[in-house]
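In: Quick one, fold the following:
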Amino acid sequence: MEGVTVVDHPLVQHKLTLIRDKNLSTKSFRELLSEIGMLLCYEVTRDLPLEMTEIETPLARMQSPILAGKKLVFAPILRAGLTFAEGMLDLVPVARVAHIGLYREPETFAAVEYFFKAPSDLAERLVIVIVPVLATANTAVAAVDRLKERGAKEIRLVCLISAPEGIERLRGIHPDVRIWTAAIDTGLNEQAFIIPGLGDAGDRAYGTK
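Out: Below is the predicted model of the structure:
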């Protein structure tokens, strides 16, 4: 699919298989979600620009590459997006964080916002929206809408698993937002859960069901 990168690294695919298992403990689910977040962070930031700077090692002065250009904002969609983002923050601890509270209304599947807090300089930063599951994409679309309203100009989205329906909807409404995912599953069931999927990521991460 255009604008979609499926991360097929063996470590990502191995950990994805483990996290799908319904018998996995809440603790292990959270740990794996964070670990996969770190691995996917490598991929979604693969093309960040570099510039040369001069440093001094214990033995000599040298020119060496360092990140250049826009700084990062991680924008996890609550709840499970927080755990997903932890691994990314371990990798890029200087990144700022925008918190986006959205939940899916159980009957209409519409996105309902209950919290939004973001840095004031979104227009000057690369914003990475973090959502474990891209199913209907209603919450993802709502998150991108709000970020753009606040001035964000360059947005990417990273998710653990996705459905073709969600990808089509997000890319149809926001074709400038590229997607990184570890898997594109078969589709959605009547309750708008991804099949085969991994269940409700928030409930599994925090033991609320």
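
In: What values do phi and psi take at the most centrally placed residue in the chain?
Out: Averaging the C-alpha coordinates of the chain gives a centre point, and the residue nearest to it by Cα atoms, centre = their mean is residue 130 (2.4 Å). Dihedral angles phi and psi of residue 130 (degrees, to the nearest 10) take the values phi -120, psi 120.

In: how far away is it from residue 54?
Out: In this structure, residue 130 and residue 54 are 35 Å apart, going by Cβ to Cβ, to the nearest Å. Using the backbone N, CA and C atoms, a C-beta is placed for each residue, glycine as well.

In: Touching the longest helix along the chain from outside, list them.
Out: Once the chain is assigned using DSSP state H, the helix that runs over the most residues is helix 26-44. The contact list for helix 26-44 (Cβ atoms under 8 Å, 6 or more residues apart in numbering) reads 5, 7, 9, 11-12, 15-16, 18-19, 24, 80, 83-88, 90-92, 128, 130, 132, 156, 158, 160, 180, 182, 201, 204-207.

In: now do 7 Å
Out: 5, 7, 9, 11-12, 15-16, 18-19, 80, 83-88, 90-92, 128, 132, 156, 158, 160, 180, 182, 204-205, 207 (Cβ atoms under 7 Å, 6 or more residues apart in numbering).

In: Quick check, pLDDT for the residue lying farthest from the centre of the chain.
Out: When each C-alpha in the chain is compared with the mean C-alpha position (Cα atoms, centre = their mean), residue 59 comes out farthest, at 40.3 Å. The predicted local confidence for residue 59 comes out at a pLDDT of 97.

In: which SSE is it in?
Out: Per DSSP states H and E, residue 59 falls between elements, in no helix or strand.

In: correct me, but residue 84 touches residue 76?
Out: Yes - using Cβ atoms under 7 Å, residue 84 makes contact with residue 76 at a distance of 6.2 Å.

In: what touches both of those two?
Out: residue 130.

In: So which residues of this protein form helices?
Out: Secondary structure of the chain, counting by DSSP H: helices at 10-20, 26-44, 80-91, 138-149, 164-173, 201-206.

In: Make TSV from these and add mean pLDDT to it.
Out: Formatted as TSV, the entries for the helices of the chain read as follows, by pLDDT from 0 to 100:
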stretch	mean pLDDT
helix 10-20	97
helix 26-44	95
helix 80-91	91
helix 138-149	95
helix 164-173	97
helix 201-206	91
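
In: Same list (those) but as JSON lines, adding distance to residue 111 and mean neighbour count.
Out: Converted to JSON lines, those look like this (distance: least, Cβ to Cβ, whole Å; neighbours: other Cβ atoms under 10 Å):
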{"stretch": "helix 10-20", "distance to residue 111": "24", "mean neighbour count": "15"}
{"stretch": "helix 26-44", "distance to residue 111": "21", "mean neighbour count": "19"}
{"stretch": "helix 80-91", "distance to residue 111": "13", "mean neighbour count": "22"}
{"stretch": "helix 138-149", "distance to residue 111": "4", "mean neighbour count": "21"}
{"stretch": "helix 164-173", "distance to residue 111": "12", "mean neighbour count": "18"}
{"stretch": "helix 201-206", "distance to residue 111": "14", "mean neighbour count": "20"}
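
In: For these, please prepare a markdown table with the additional fields distance to residue 123.
Out: As requested, the helices of the chain are exported to a markdown table (distance: least, Cβ to Cβ, whole Å):
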| stretch | distance to residue 123 |
| --- | --- |
| helix 10-20 | 31 |
| helix 26-44 | 20 |
| helix 80-91 | 21 |
| helix 138-149 | 10 |
| helix 164-173 | 20 |
| helix 201-206 | 30 |
